[in-house]
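Participant: my questions concern the predicted model and sequence given below.
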Amino acid sequence: MFDALTDRLSGVFDGLTGKGALSEKDVSAALREIRVALLEADVALEVVRKFIEDVRPKAVGENVIRSVKPGQQVVKIVHDALVEMLGGEGEPEGLRIDNVPSIIMMAGLQGSGKTTTTGKLAKRLKEKERKKVLVASLDVRRPAAMEQLKVLGEQIGVDSLPIITGQLPQDIAKRAVNAAKLGGYDVLILDTAGRTTLDEQMMSEAADIARIASPSETLLVADALTGQDAVETARRFDERLKLTGLILTRMDGDGRGGAALSMRAVTGLPIKFLGTGEKSDGLEVFDARRIAGRILGQGDIVSLVEKAASEIDEEKAKKTAEKMAKGVFDLEDMLEQFKQMQRMGGLQGLMGMMPGAKQAKAAMAAQGMDDKVLKRQEAIILSMTRQERAKPALLNASRRRRIAAGSGVEVSEVNKVLKMHKQMAGMMKKMGKGGMAKMAKAMGAMGAGGLPGGQSMDPAAMQEAASKMAGKLPGGMPGLGGGMPGGLPGLGGGLPGLGGGKKKK
Ligand SMILES: Nc1nc2c(ncn2[C@@H]2O[C@H](COP(=O)(O)OP(=O)(O)OP(=O)(O)O)[C@@H](O)[C@H]2O)c(=O)[nH]1
Ligand SMILES: [Mg+2]
């Protein structure tokens, strides 16, 4: 998401934290580099200027330069300023949906992701907040637009307003509001038509709809890949529509991310969500603290744990945890780990959220380690019989040959999987019950605001905690092509225990 920026900044920070003492000159040089890094990431000039102005006096202060770890102090100051720029401390404000029905209007340029995001929001409100949701397309321009929303609604199990062709958007808006009232819906989401450029006709149509529906949320959906244009779009829409928040889509793309960073500072509007994929679950609540952590390469353990919690099958997790507590970890369990990792977005998805992910990613790429390998290993285990999976000792040479043939690999690959399993099982045994509980606690402390108000956030301590955690996990799956850094795949092994532990509380 912010890869290039993260790279640049970690370079600057490495320079700072590597030094015992810092002079004012060191800090100024670092600030210059941070300034360039932000500009290169496409953060608006005015925003960068203000950012550096905020940071400078704090970073060159006596108490910083004289402190024991000046570099880390500077990192913390930058972190706090970044949080401020992105939206400030504190929990992200949710959507205002306290009326019945609450109306959410989606606005934005053509192709910015309004319809997709309408679906994502509807799914989220339905599943996470148990709301009864109605979606309605007011897009009468693009012939297939209404059909698109209808199909999307069917996919996620959300009702959509019946289509009546030939109606004006204003009339559809009225009909939708009525239908939402009569149908006892908690939330009505209005998906509007977009144009390629801002024009008066589109604006007045949107303003009409806003007047008719008086939405409690008017959200601008903007494509993060369009950079500074997105910021300008937000400004212009806000003049006419009185926006209540922003949603930035395509954050999964390899854009420079700067638009996202400028958005809040320039418009004063809160960023509410990020779109992170084409699928209906590619939506993330925007949390300034977490995003700042990600940008600074501190990883985003909170997102990771949340994602794990939503993807993990509680029943299976509990079973695995119980087995592990007894020191049992068979090939069936390992298979389950692989599947879980894939559900969580595969290795790449996981890595993006881990502290120190940059180095780990590079190391993995260098070793040709990717999700395909994971799939292959899964295929190997799937070629075994149930008994073999439960009791790997059964796997003699002829059985191994059969499995290799069955999964289309060399016998040496099968051996690698078995070796890896042996190592993981060994680690699991060592960790036992105590290790798991400790780890769950460590993750909890790092996640759920365990760092009081972010005030004591010391990036170094966080790194340390994270690497300790990684150390506890069954690290290095050598079978996967030689020493994995930081025991990442082990995370898959660790997480089910976490789920199980949580449930028992
Ligand atoms: N990668 C990625 N693609 C997205 C995201 N959000 C939307 N898309 C894709 O962007 C394209 C356009 O999305 P739509 O939701 O149809 O956009 P729209 O604003 O409704 O477009 P119009 O109705 O034509 O104005 C689709 O191919 C979506 O799959 C996102 O967060 N990430
Ligand atoms: Mg659309």
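Facilitator: Done, it's in. Ligands and ions are numbered 1, 2, ... in the order given.
Participant: how is the chain partitioned into domains?
Facilitator: Following automatic domain parsing, one gets these domains for the chain: 3-86, 102-286, 301-504.
Participant: pick the most buried one from those.
Facilitator: Among the domains of the chain, domain 102-286 has the highest mean neighbour count (mean count of other C-beta atoms under 10 Å), at a mean of 20. For the C-beta atoms, the positions are set from N, CA and C on the backbone; glycine is no exception.
Participant: wait, does it make contact with ligand 1?
Facilitator: Yes - interface with ligand 1: domain 102-286 contributes 108, 110-116, 139, 142, 145, 194, 249-250, 252-253, 275-278, 282 (C-beta under 6 Å from any ligand atom).
Participant: go through the residues you listed and flag which are in strands.
Facilitator: Among the residues of domain 102-286 next to ligand 1, the ones falling in strands (DSSP state E) are Thr249, Gly275.
Participant: adding distance to Gly94, write the domains of the chain out as TSV.
Facilitator: Listed next are the domains of the chain as TSV, based on distance: least, C-beta to C-beta, whole Å:
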stretch	distance to Gly94
domain 3-86	17
domain 102-286	8
domain 301-504	15
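Participant: now mean pLDDT and distance to Arg294 too, for those domains, in JSON lines please.
Facilitator: Formatted as JSON lines, the domains of the chain follow (pLDDT from 0 to 100; distance: least, C-beta to C-beta, whole Å):
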{"stretch": "domain 3-86", "mean pLDDT": "84", "distance to Arg294": "7"}
{"stretch": "domain 102-286", "mean pLDDT": "91", "distance to Arg294": "10"}
{"stretch": "domain 301-504", "mean pLDDT": "62", "distance to Arg294": "7"}
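Participant: and these: which comes nearest Ala292?
Facilitator: domain 3-86 (4.1 Å; C-beta to C-beta).
Participant: got the end-to-end distance for the closest one?
Facilitator: Domain 3-86 has an end-to-end distance of 17 Å (C-alpha to C-alpha, to the nearest Å).
Participant: now it: how far from the chain's centre is it?
Facilitator: In this view, domain 3-86 has its centroid 25 Å away from the chain centroid, taken as C-alpha atoms, centre = their mean, to the nearest Å.
Participant: how about stretch 162-169?
Facilitator: Mean-position distance between stretch 162-169 and its chain equals 37 Å (C-alpha atoms, centre = their mean).
Participant: and this protein, which of its residues are near ligand 2?
Facilitator: Lys114, Thr115 (C-beta under 5 Å from the ion).
Participant: in the chain, which residue sits closest to ligand 2?
Facilitator: Residue nearest to ligand 2 within the chain (C-beta to the ion): Thr115, separated by 3.2 Å.
Participant: would you quantify the distance from that residue to Ser137?
Facilitator: Computed as C-beta to C-beta, to the nearest Å, the Thr115 to Ser137 distance reads 7 Å.
Participant: overlap of the contact sets of the two?
Facilitator: Common contact partners of Thr115 and Ser137 (C-beta atoms under 8 Å, 6 or more residues apart in numbering): Ala145, Gln148, Leu149, Asp191.
Participant: tell me who's in contact with the second one.
Facilitator: Gln148 makes contact with Thr115, Ser137 under the criterion C-beta under 8 Å, 6+ apart.
Participant: now with 10 Å, please.
Facilitator: Counting by C-beta atoms under 10 Å, 6 or more residues apart in numbering, Gln148 touches Thr115, Thr116, Thr118, Gly119, Ser137, Asp139, Arg142, Asp191.
Participant: what do you get for the third one?
Facilitator: Contacts for Leu149 were tallied using C-beta under 10 Å, 6+ apart; they are 114-116, 118-119, 122, 135-139, 158, 160-161, 163, 189, 191.
Participant: at 8 Å what do you get?
Facilitator: With C-beta under 8 Å, 6+ apart, Leu149 has these contacts: Thr115, Thr118, Gly119, Val135, Ala136, Ser137, Asp139, Ser160, Asp191.
Participant: okay if I get the shared contacts of Thr115 and Ser137 as TSV plus secondary structure?
Facilitator: Shown next, in TSV, are the shared contacts of Thr115 and Ser137 (DSSP: H, G, I helix; E, B strand; the rest coil):
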residue	secondary structure
Ala145	helix
Gln148	helix
Leu149	helix
Asp191	strand
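Participant: specify which member of those is nearest to ligand 1.
Facilitator: Ala145 (5.3 Å; C-beta to the nearest ligand atom).
Participant: not counting sequence-adjacent ones, nearest residue to the closest one?
Facilitator: Leaving aside its sequence neighbours, Ala145 sits nearest to Asp139 (C-beta to C-beta, 6 or more residues apart in numbering; 3.6 Å).
Participant: list the contacts of the one you found.
Facilitator: Counted by C-beta under 8 Å, 6+ apart, Asp139 has contacts Thr115, Ala145, Met146, Leu149, Pro169, Asp191, Thr192, Ala193, Gly194.
Participant: going by distance to Ile65, which of those residues wins?
Facilitator: Set against Ile65, the nearest of these by C-beta to C-beta is Gly194 (51.2 Å).
Participant: wait, that closest one touches Gln110, no?
Facilitator: Yes - counting by C-beta atoms under 8 Å, Gly194 touches Gln110, with 3.7 Å between them.
Participant: JSON lines for the contacts of Leu149, including distance to Gly408?
Facilitator: Formatted as JSON lines, those follow (distance: C-beta to C-beta, whole Å):
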{"residue": "Thr115", "distance to Gly408": "41"}
{"residue": "Thr118", "distance to Gly408": "43"}
{"residue": "Gly119", "distance to Gly408": "38"}
{"residue": "Val135", "distance to Gly408": "45"}
{"residue": "Ala136", "distance to Gly408": "50"}
{"residue": "Ser137", "distance to Gly408": "47"}
{"residue": "Asp139", "distance to Gly408": "48"}
{"residue": "Ser160", "distance to Gly408": "45"}
{"residue": "Asp191", "distance to Gly408": "46"}
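Participant: taking these, tell me the two that lie furthest apart.
Facilitator: Gly119 and Asp139 (13.7 Å).
Participant: among the contacts of Leu149, name the ones in helices.
Facilitator: Using DSSP state H, Thr115, Thr118, Gly119 are the members of the contacts of Leu149 that sit in helices.
Participant: hey, where'd the strands end up in the chain?
Facilitator: Using DSSP E, the strands of the chain run over 102-107, 133-137, 159-160, 187-191, 217-223, 245-249, 271-275, 283-285.
Participant: now find how far off-centre the first one is within its chain.
Facilitator: For strand 102-107, the gap between its own C-alpha mean and the chain's C-alpha mean amounts to 24 Å (C-alpha atoms, centre = their mean).
Participant: between it and strand 217-223, how big is the angle?
Facilitator: 30 degrees (axes from the mean of the first three to the mean of the last three C-alpha atoms, to 10 degrees).
Participant: name the helices or strands packed onto strand 102-107?
Facilitator: Secondary-structure packing of strand 102-107 (3 or more C-beta pairs under 8 Å, 6 or more residues apart in numbering; DSSP states H and E): helix 114-128, strand 187-191, helix 200-213, strand 217-223.
Participant: got TSV for those, with distance to Asn63 too?
Facilitator: Shown next, in TSV, are these (distance: least, C-beta to C-beta, whole Å):
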stretch	distance to Asn63
helix 114-128	43
strand 187-191	49
helix 200-213	50
strand 217-223	40
